[in-house]
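Visitor: just the structure for this:
(one chain, ligands or ions: 1)
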Amino acid sequence: MSILIRNGTIVTATDLYKGDVFVENDRITTIGTSLSMPADRVIDASGKYVLPGGIDVHTHLDMPFGGTKSADDFESGTIAAAHGGTTSIVDFAIQYKGETLHHAWETWMTKAEGKAAIDYGFHMIITELTDQVEQEMDALVAQGVSSFKLFMAYPGVFMLDDASIFRALLRTGKNGGTICMHAENGGVIDVLVKKALAEGKTAPKYHALTRPARAEAEATHRAIALAEMADVPIYIVHLSAAEALEMVTEARDRGLPAYAETCPQYLFLSYDNYEEPGFEGAKYVMSPPLRPKATQDRLWRGLAFNDLQAISTDHCPFCMKEQKTLGEGDFSKIPNGAPGIETRMSLVYDGGVRTGRISLNRFVELTSTSPAKIFGLFPRKGTIAPGSDADIVVFDPNKSMTLSARTHHMKVDYNPYEGRDVTGVTDTVLSRGRVIIDGGKFVGKAGAGAFIKRLTRS
Ligand SMILES: [Zn+2]
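Guide: Presented below is the predicted three-dimensional model:
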């Protein structure tokens, strides 16, 4: 099978030029101008951008939470991702207490196999660090699960103490893995939640009001300090607060390998959404919570100046019906998370590139190249180059669409951006040389996605 993509504007993290891309089987083999080799299919990309497929390194598909599970499984979630121009995800496998990491990995592999329509990898969430688990970390890194997520929040469930976090960090110094951190001070938050509930404050907005920005900043600072003492890099997930960004910026200014991602919800939504009438605020219950509107500009500046290196989604959808309603009358029981796997690329292009906040190259870097480099996928993925996987998005920068639950492909009954118009829409998507989105329609196959064995950091 061969495909020739002609007359597009090829965009990578560093280049922007008119050219043709020739794909043979699953790889890009040739890039040039006026390529004329015979191909099984020719795609005319004139007037469009040819981008490396989006890489979303923070998703939660088929994830159990408080007696329910996230509304998208690996089939619906990856098909929705493909519609939005994302061709690889890194999801999270969860080690529950008393279990081995290997058991967790197998459990999540089973969830994805035969279902995923795009390629996938896993970070491993460690909730209990025994000597045996430490050894298992090395084995997992060797098998391509080369990053781990630890929690400084959710005491009694996910939270690790500083000693365990420090041990895990030290271990990655030896095995080449990367630690990802959920940085919020869980002890403080739990006290504030109990206090609010005791005072009869039960509405969704109290989810945000009991998770102060300073609790995120304190944990971010502590996580970076622990990594500095262990002499290893660290990656802060879903950074939302300007106060936390200051901690990352300060560390990077000192030359430390501190990395952080933010998510579209923190760039386009704000605390004001929690004030929507009735129980509507539950749509936005996620951790960390949405912040004051003024934070958005700070985050955009962080993205533009490389204090933030990636935009992922933290896609963790729960329907309003029967799922979010578990927390009616008690905000602490609202399942945490919101959908976004499908809308990331268009939102960031429309709100970032079209407004001049970031360049087109930076857009590609933040949504594909930089996460690929940080998480051991580059140069197989994250760029358009000979030898790279043919994960390619033909993106129409002039086409508009309205984001809505009525038209999206995520299996969730609301869209946090309902009614928002965006310009810049995915047209055609290739996943390892197979067309999976054709003129906006899914033509791929559930189960065609493969597990990506990721490299260690170099
Ligand atoms: Zn998450």
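
Visitor: separation between Phe122 and Phe451?
Guide: Note on Phe122: its distance to Phe451, by Cβ to Cβ, to the nearest Å, is 8 Å. All C-beta atoms are positioned from the backbone trio N, CA, C, and that covers glycine.

Visitor: higher neighbour count, the two?
Guide: Set side by side, Phe122 and Phe451 show more neighbours around Phe122, with 25 against 17, by other Cβ atoms under 10 Å.

Visitor: name the SS class of that one, please.
Guide: Under DSSP: H, G, I helix; E, B strand; the rest coil, Phe122 falls in the strand class.

Visitor: surely it meets Thr110?
Guide: No - Phe122 sits out of contact with Thr110 when judged by Cβ atoms under 8 Å, with a separation of 11.9 Å.

Visitor: quick revisit: what's the overlap in contacts for Phe122 and Phe451?
Guide: Between them, Phe122 and Phe451 share these contacting residues under Cβ atoms under 8 Å, 6 or more residues apart in numbering: Met109.

Visitor: chain center to stretch 248-266: distance?
Guide: Relative to its chain's centre, stretch 248-266 lies at 15 Å (Cα atoms, centre = their mean, to the nearest Å).

Visitor: same check on stretch 3-23?
Guide: Here stretch 3-23 shows a centroid-to-chain-centroid distance of 25 Å under the convention Cα atoms, centre = their mean.

Visitor: can you tell me the distance between the two ends of it?
Guide: One end of stretch 3-23 to the other measures 5 Å (Cα to Cα, to the nearest Å).

Visitor: average pLDDT across that stretch?
Guide: Throughout stretch 3-23, pLDDT has a mean value of 98.

Visitor: first-to-last residue distance for stretch 435-454?
Guide: With Cα to Cα applied, stretch 435-454 spans 24 Å between its terminal residues.

Visitor: typo on my end, stretch 5-18
Guide: The separation between the terminal residues of stretch 5-18, taken as Cα to Cα, is 11 Å.

Visitor: report the buried residues of it.
Guide: Residues of stretch 5-18 classed as buried by neighbour count (16 or more other Cβ atoms under 10 Å): 5-13.

Visitor: could you do stretch 29-47 as well?
Guide: Under the neighbour-count rule (16+ other Cβ under 10 Å), stretch 29-47 has 29, 31, 35, 39, 43, 45 buried.

Visitor: pretty sure the fourth one contacts Ile5?
Guide: Same thing as Ala39. No - contact criterion Cβ under 8 Å: Ala39 and Ile5 do not qualify, at 9.2 Å.

Visitor: quick one on the thing from earlier: what is the most widely separated pair among the buried residues of stretch 5-18?
Guide: Taking Cβ to Cβ as the measure, the buried residues of stretch 5-18 reach their widest spread between Arg6 and Ala13, a distance of 22.7 Å.

Visitor: please pull out the lowest mean pLDDT helix or strand from the chain.
Guide: Within the chain, confidence by mean pLDDT, DSSP states H and E is lowest for strand 64-65 among all helices and strands, at a mean of 91.

Visitor: what's the neighbour count on the nearest residue to His182 once chain neighbours are set aside?
Guide: In space, and not counting its chain neighbours, His182 is closest to Phe151: 4.5 Å by Cβ to Cβ, 6 or more residues apart in numbering. Burial measure for Phe151: 22 neighbouring residues, criterion other Cβ under 10 Å.

Visitor: going forward, begin numbering at 23 instead of 1
Guide: Will do, 23 is the new start, and the previous item becomes Phe173.

Visitor: so who does Phe173 touch?
Guide: Under the criterion of Cβ under 8 Å, 6+ apart, the contact partners of Phe173 comprise 147, 149, 180-182, 203-204, 208.

Visitor: most neighbours among those residues, which one is it?
Guide: Neighbour tally across these (other Cβ under 10 Å): the maximum, 27 neighbours, falls on Met203.

Visitor: so which strand or helix has that residue?
Guide: Assigning secondary structure by DSSP states H and E places Met203 in strand 200-204.

Visitor: with only the CA atoms kept, save that strand in CSV.
Guide: What follows is strand 200-204, C-alpha atoms only, in CSV (Å, rounded to 0.1, in the frame of the first residue of the first chain):
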residue,chain,number,x,y,z
THR,A,200,10.5,9.2,33.8
ILE,A,201,8.3,10.1,36.8
CYS,A,202,5.1,12.0,36.1
MET,A,203,3.6,13.7,39.1
HIS,A,204,0.0,14.7,40.1
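
Visitor: what touches both of Ala61 and Ile27?
Guide: Overlap between the contact sets of Ala61 and Ile27, as judged by Cβ under 8 Å, 6+ apart, is given by Phe44.

Visitor: may I have the strands that pair with the helix or strand encompassing Asp42, each with its orientation?
Guide: In this structure, Asp42 is located in strand 38-46 according to DSSP H and E. Partner strands and pairing direction for strand 38-46 (DSSP bridges) are strand 24-33 (antiparallel), strand 49-54 (antiparallel).

Visitor: centre of the chain to that strand, how far?
Guide: Mean-position distance between strand 38-46 and its chain equals 27 Å (Cα atoms, centre = their mean).
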